[in-house]
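1. heads up, no residue letters with this:
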């Protein structure tokens, strides 16, 4: 019987190890003729994380997250920070061939232990979005439940020291404005009034991060994902090096092209998704 060439055998083994039947054509497109100055980058959005076996809504468990990280690695992805993308695009930094960014929108106090331990165990990295008012008041929160109380300033400071976590500005209090959809302009609000509200809110959180934790976020997350042309233009004037939305898709970044970091798309990781759903969302073809 004719023996398989060494390269073909290795490819076959990789497909079997992945357990998802990643197509040979898909793997060829990733390994042959790759452009060293560009990357395709999926960004995964975890709304929040919980230890509970059956959390409510779209919340994922830490166990699901750990399984996800194993899945991403089996598919060839390596978790990186948004700032790794920024360094690649703007400052000549390096990236793995297949980077993936993991983001958490609700940074509850449980992250200080559960997510930190998981990040160390799996050598993973995460971006967490700060909702300023919730963080500002977390130290005075009477609810001791770590899945209901948000990270406070001291917790954020501690998590930043290990190099596995970064934090994005998610506005100081616009997320709770029931008369406004995220960062969007209210009905009847003049452009001047709108810009003043946005700037005051965003830079309030920037100032507090600097005062409490000695850093100013260079990444912004649109609260609730709402972003129109005016919101994008206004946030674009705030000096952030990367901005994230809730639009779904894969991002394509290139060295020297900072516009690719503005309005990064994110794949919404709902707790009900199955492994095959995640693989499909990543744009990976599977064998029949």
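-> Sure thing, it's come through. This one's a predicted model, so the numbers in the text were calculated from it and none came from an experiment. Numbers count the residues shown, from 1 in each chain.

2. and stretch 202-217, how far from the chain's centre?
-> 20 Å (Cα atoms, centre = their mean, to the nearest Å).

3. Identify each buried residue in that stretch, please.
-> Residues of stretch 202-217 classed as buried by neighbour count (16 or more other Cβ atoms under 10 Å): 202, 204, 205, 206, 208, 209, 213, 217. No exception for glycine: its C-beta is placed from N, CA and C like everyone else's.

4. List of residues touching that stretch?
-> For stretch 202-217, contacts defined as Cβ atoms under 8 Å, 6 or more residues apart in numbering pick out 130, 132, 135-136, 153, 156-157, 160, 166-172, 220, 235, 238, 240.

5. Now do that stretch, average pLDDT.
-> Stretch 202-217 comes out with an average pLDDT of 98.

6. ditto for stretch 54-74
-> Computed over stretch 54-74, the average pLDDT equals 90.

7. so how far is residue 227 from the spatially most central residue of the chain?
-> Centroid-nearest residue in the chain, with Cα atoms, centre = their mean: residue 103, separated by 2.6 Å. As judged by Cβ to Cβ, to the nearest Å, residue 103 and residue 227 stand 16 Å apart.

8. thinking again about what came up before, could you pick out the buried ones from the contacts of stretch 202-217?
-> Neighbour-count burial (16+ other Cβ under 10 Å) applied to the contacts of stretch 202-217 gives 130, 132, 135-136, 153, 156, 166-172, 220, 235, 240.

9. so who does the residue nearest to the centre of the chain touch?
-> Applying Cβ under 8 Å, 6+ apart to residue 103 gives the contacts 43-46, 82, 126-129, 168, 221, 244, 266.

10. what sits opposite it in the beta ladder?
-> residue 45, residue 127 (DSSP bridges).

11. who wins for neighbours among the contacts of residue 103?
-> For the contacts of residue 103, the largest number of neighbours (other Cβ atoms under 10 Å) sits with residue 221, at 31 neighbours.

12. my guess is it meets residue 166, correct?
-> No: using Cβ atoms under 8 Å, residue 221 is not in contact with residue 166; the gap is 11.5 Å.

13. show me where pLDDT drops low in the chain?
-> Filtered on pLDDT under 70, the chain yields the residue ranges 1-33, 142, 286-288.

14. And the strands in it?
-> 38-41, 43-46, 49-50, 60-61, 78-80, 99-104, 126-130, 165-169, 219-221, 242-244, 251-254, 267-268 (DSSP state E).

15. what's the spacing between residue 217 and residue 83?
-> 10 Å.

16. one step back: export the buried residues of stretch 202-217 as JSON lines, with columns for distance to residue 63.
-> Putting the buried residues of stretch 202-217 into JSON lines (distance: Cβ to Cβ, whole Å) gives the following:
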{"residue": "202", "distance to residue 63": "35"}
{"residue": "204", "distance to residue 63": "37"}
{"residue": "205", "distance to residue 63": "32"}
{"residue": "206", "distance to residue 63": "35"}
{"residue": "208", "distance to residue 63": "33"}
{"residue": "209", "distance to residue 63": "31"}
{"residue": "213", "distance to residue 63": "30"}
{"residue": "217", "distance to residue 63": "29"}
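
17. ok, the residues you listed vs residue 252, which is closest?
-> Closest approach between the buried residues of stretch 202-217 and residue 252, by Cβ to Cβ: residue 217, at 23.7 Å.

18. Grab the nearest non-local neighbour of the closest one.
-> residue 169 (4.3 Å; Cβ to Cβ, 6 or more residues apart in numbering).

19. Let me see the contact set for that neighbour.
-> Taking Cβ under 8 Å, 6+ apart, one finds 129, 130, 132, 202, 205, 206, 209, 217, 219, 220, 221, 240 in contact with residue 169.

20. ok so, going back, show me which of the contacts of residue 103 is closest to residue 147.
-> Using Cβ to Cβ, the contacts of residue 103 come closest to residue 147 at residue 46, 13.7 Å.

21. now that we're looking at the closest one, which residues does it contact?
-> Residue 46 neighbours (Cβ under 8 Å, 6+ apart): 60, 65, 102, 103, 104, 105, 269.

22. just to revisit the earlier point, what is in contact with residue 217 and residue 83 at once?
-> residue 166.

23. Perfect, that will be all.
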